[in-house]
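>>> what shape does this take:
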Amino acid sequence: MSVIDEIRMRPAPVAPRSWDASLAVRLALAVTVISTLLVGANLATPIYPLIQVDLELSPFAVTVAFASYVVALIGGLLLAGHWSDHIGRRAALVLAVLAGLAGTTCFAPAPSLPVRAAGRTRRGAAAALAPGAGAAAPRALLPPRPEWASRFPLRASAGGVAAGPVIGGLLSLLPNPTRTPFLVYLVVLAALLVPLVLLRARPAPTPAPPPNPPPVPRPRRPAVPRAARSSFRMAATVGFLSFAVFGFTLSLAPTWFAGIAGTTSRPLVGVLAALVLGSSAASQLLSPRGRFGAPAGRAGVAPGVGLLPLAEVTASLPLLVVACLLAGAGQGMAFRVVFNEVSLKVAPALHAQTVSAVYVITYLGSAVPVLGLGAAAGIWGLDTSVTVFALLVSAACAALAVGSLVQRSRRRTR
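Next comes the predicted model:
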């Protein structure tokens, strides 16, 4: 069937020339779309200092530009996070790529903050469609291995987020650094449409009732199955705190890192910004299993984030690197465990909407605290504000780790 038929939720015959790709290819394509969309979302991270100077932006304005993406992403998750359950995984990924193209086309030549925020908003809409479809597709393709299926989207997301600042820093060495990286990205994103459109789609897990389906799937209030609510609350809390760190890393941190490192090198700033994200992605591959994985991860985030102010006071680049690596490794270990627990307790037909609900709370962490940090930086300065922010997040992670250990100990004694 065609993508248009899928989006309209109307049955159609299978196209005779459609591409019936293998399971491995379908899995790789879903993972590639997720990671590519998130690369684009963070491509601007090392370029924010240049944009800030060019447009004469305050720290709060930078966080507004960053948070516009997150706000649109959250709104999209609420309105359309469940769409792939009804229109199919392939159609949802096509819509995500198209929204990403629209957002990048708007963001690249933007001459002002409102226009750049509009571009970021469209890219947030693109990312809203991807998590549910991208996380649910591996689950459908690997029904005997649900644990493996839940790891693929997490690693694709973490890898894409981590690669974005590094790729953005390298592409910014080309002429016209505030535009060229996004033009290159446009070409890559457009190329992804070709295999997606040619792919033979599989039926949606929850098709619309005949004979007159609605024009689009109706908005659905975020809901989590009763059996998964306890795991959902833990995953959402861990996600909120860890993404507060990610939000800082991807918005104001490049300017702050450059001051500690004493450099204006955009590739180096991009690498520093990617340390937390890359360490998170690596820990999801290497972190040990066991019931203490999540508490250990949260315990790792606390000292990692807590060391950031010390790195600034001592102007120590090695200490900054250690702090970022420790915080990222702890986040990846903790979030992998709690996200996997949620995934295993949800039926495949409800997977996309549940994952989207987790990400709604998680992405709030990269918007609300970061906007507060930007506002505080305009009043008390960036260094003081980052110190208070880091200490608060560190204390919250430590408390969560202790509480989790106590809860698990009580379960064992019952």
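>>> tell me where the stretch 1-150 of the chain has helices.
Under the criterion DSSP state H, counting those that start in this stretch, the stretch 1-150 of the chain carries helices at the ranges 3-7, 23-41, 48-55, 59-80, 83-87, 89-107, 113-141, 146-171.
>>> ok, the residue lying closest to L129 once chain neighbours are set aside - how many residues close by?
Once flanking residues are discounted, L129 sits nearest to A96: 3.9 Å by CB to CB, 6 or more residues apart in numbering. C-beta: built from backbone N, CA, C; applies to glycine. Number of residues near A96 (other CB atoms under 10 Å) recorded here: 31.
>>> list the contacts of A96.
Taking CB atoms under 8 Å, 6 or more residues apart in numbering, we find A96 in contact with 33, 37, 126-130, 133.
>>> ok, and the closest non-adjacent residue to A127?
Nearest one to A127, counting by CB to CB, 6+ apart, is L73 at 5.0 Å.
>>> do the same with W19
Residue nearest to W19 in three dimensions, not counting chain neighbours: L198, with 4.4 Å by CB to CB, 6+ apart.
>>> same check, this time on A236
I361 (3.7 Å).
>>> and the pLDDT for G270?
With respect to pLDDT, G270 scores 92.
>>> contact partners for it?
Counting by CB under 8 Å, 6+ apart, G270 has contacts 45-46, 165-170, 172, 254.
>>> if we use 7 Å, what do you get?
45-46, 165-166, 168-169 (CB atoms under 7 Å, 6 or more residues apart in numbering).
>>> from T178, how far off is it?
Here the criterion is CB to CB, to the nearest Å. By it, G270 lies 14 Å from T178.
>>> G159 too?
For G159, the distance to T178 equals 25 Å [CB to CB].
>>> for R179, what are phi and psi?
phi -130, psi -40 (degrees, to the nearest 10).
>>> burial measure for the closest residue to it other than its chain neighbours, as a count.
Leaving aside its sequence neighbours, R179 sits nearest to A108 (CB to CB, 6+ apart; 5.1 Å). Counted by other CB under 10 Å, the residues lying close to A108 total 20.
>>> quick one: A108 and L183 touch, right?
Yes: using CB atoms under 7 Å, A108 is in contact with L183, at 6.0 Å.
>>> and P175, how many neighbours?
By other CB under 10 Å, neighbour count at P175 equals 6.
>>> for it, grab phi and psi.
Torsion angles, degrees, to the nearest 10, at P175: phi -60, psi 150.
>>> report the separation between it and C106.
P175 is 21 Å from C106, by CB to CB.
>>> repeat that for A236.
From A236 to C106 the distance is 31 Å (CB to CB).
>>> of the contacts of A96, which is the nearest to A327?
Distance to A327 across these (CB to CB) is lowest for A127, with 22.7 Å.
>>> name all residues that make contact with the most centrally placed residue in the chain.
In the chain, the centroid-proximal residue (CA atoms, centre = their mean) is S157; its distance is 5.7 Å. For S157, the contact set (CB under 7 Å, 6+ apart) comprises 34, 38.
>>> burial measure for the closest residue to L196 other than its chain neighbours, as a count.
Distances taken as CB to CB, 6+ apart put V94 closest to L196, at 5.2 Å, once the chain neighbours are dropped. For V94, the tally of surrounding residues (other CB under 10 Å) stands at 25.
>>> per-residue pLDDT of V94, please?
85.
>>> so what does the lengthiest helix in the chain touch, helix or strand wise?
Criterion DSSP state H: the longest helix present in the chain is helix 382-413. Applying 3 or more CB pairs under 7 Å, 6 or more residues apart in numbering; DSSP states H and E, one finds that helix 382-413 contacts helix 229-250, helix 253-261, helix 293-314, helix 368-380.
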